[in-house]
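> Return a 3D structure for these sequence lines:
(chains A and B)
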Amino acid sequence: MFKLALEIFWTFFKIGAFTLGGGYAMIPLIEDEIVRNKKWLSEEEFMEALVIAQSSPGVLACNTAIVCGTKISGKLGTFFGILGSISPSFLIILFLSKFIFEYKDNDIFVAFFNGIKPATVALIFITVYKMSKNAKLNIYSLAIALAVALVIYLFHISPIVIIFLTMILGNLCLAKKEENK
Amino acid sequence: MIYLNLFIVFFKLGLFSFGGGYAVLSLLQHEVIDVYSWLNISEFTEIVALSQMTPGPISINAATYIGYKLTGNFIGALVPTIAVILPSTILISLILLFIQKFKESQYISRALASLKPTVIGLILAAGLNLLLPENFINWQSYFIFAFAVCLSLFFKTSALITIASSGLLGIMFKFLF
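As a prediction, the model looks like this:
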């Protein structure tokens, strides 16, 4: 029992520690480990786990760890899955924070950060561009995306309000659309 | 009190994050900059940059960093980090309990489908909010912005490479100008 828990922890720790590029980059690695190496879940079970992980809010990598952990060994699996998936980033950032607060005023350090700030902003816009391209937005959804961005940018409305509104209006509109079919 | 506030803010962040890493940025900005003033724009951008260069999700990285910055201790870093994943832990347990109902529910699938354009809008808002003099201190900043766009669009470099090389460019500019 305890050995299994440790193995679950270690599996998600490894994946969390070595995957850059966010949630979607981790999915094939998690699948490899859990379905093919450890044979904890079948391909089908993993797919179902993935659907659940994607429909819940939160961090995709952690959600996947939560669902898989639970399916593998109940509450114990949930706990060690979560622990494994958040520990690497927690420890790395804790270490880096100490380092950053120490060298905050160092000239080279400041110059480095002055370089990465505009690059980070650029990456955000590139993500918007790529996501809009992949989602194949039509004119209406493009208008919605722009409206959301402008409303938040200009009036500083909480995104939570926007998310709620979208879910309610989206339900009404899609229901109507299905009725008309 | 600060621990409670940290917990509440990051619990909300976990509960309302749909659509992957960047989509939480506008909510994070709203809470951390507009409502609580825990960070300024420049520090906020630094955290985003930092999480691009390290493994792990943005919201977890931000939780750990902000918690540590505000309290200076381990517990302060841990509280918001746990708060981020708590909502999805609870929700997923509920989903697994009512899995059949969940699969048949049209409300959830419609809600998720309609969130797609909104998520793109949220990320765009986060980007627009960062277009400020704090992040663009001189003409070199605009050059680096263009450099980063070219790198990732035309050379398809990873975020780590794009950001790290922009940082090195920043150091180079310091000695050149």
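> What are the buried residues along the worst-scoring helix or strand of chain B on mean pLDDT?
When the helices and strands of chain B are scored by mean pLDDT, DSSP states H and E, helix B:99-104 comes last with a mean of 82. Residues of helix B:99-104 classed as buried by neighbour count (16 or more other C-beta atoms under 10 Å in any protein chain shown): residue B:102. Using the backbone N, CA and C atoms, a C-beta is placed for each residue, glycine as well.
> what sits up against that helix?
Residues outside helix B:99-104 that contact it (C-beta atoms under 8 Å, 6 or more residues apart in numbering or on different chains): A:52, A:55, B:95, B:108.
> Tell me the one of the residues you listed nearest residue A:92?
Within the contacts of helix B:99-104, the smallest distance to residue A:92 is 27.7 Å, found for residue A:52 (C-beta to C-beta).
> what about the closest residue to the closest one other than its chain neighbours, how many neighbours?
In space, residue A:52 comes closest to residue A:67 once its chain neighbours are excluded; the distance is 5.0 Å by C-beta to C-beta, 6 or more residues apart in numbering or on different chains. Using other C-beta atoms under 10 Å in any protein chain shown, residue A:67 is surrounded by 29 other residues.
> Could you pull up the contacting residues of residue A:67?
Residue A:67 neighbours (C-beta under 8 Å, 6+ apart): A:49, A:50, A:52, A:53, B:92, B:96.
> What helix or strand is the nearest residue to residue B:135 once chain neighbours are set aside located in?
Excluding its sequence neighbours, the residue lying closest to residue B:135 (C-beta to C-beta, 6+ apart) is residue A:117, at 4.4 Å. Under the criterion of DSSP states H and E, residue A:117 resides in helix A:107-135.
> go on, residue B:134?
Residue B:134 belongs to no helix or strand when assigned by DSSP H and E.
> Surely it and residue B:41 touch.
Yes: between residue B:134 and residue B:41 there is a contact at 4.5 Å, judged by C-beta atoms under 8 Å.
> now the longest helix belonging to chain A: mean pLDDT?
Secondary structure of chain A per DSSP state H: the longest helix is helix A:60-103. In this model, helix A:60-103 has a mean pLDDT of 92.
> Thank you kindly, that will do.
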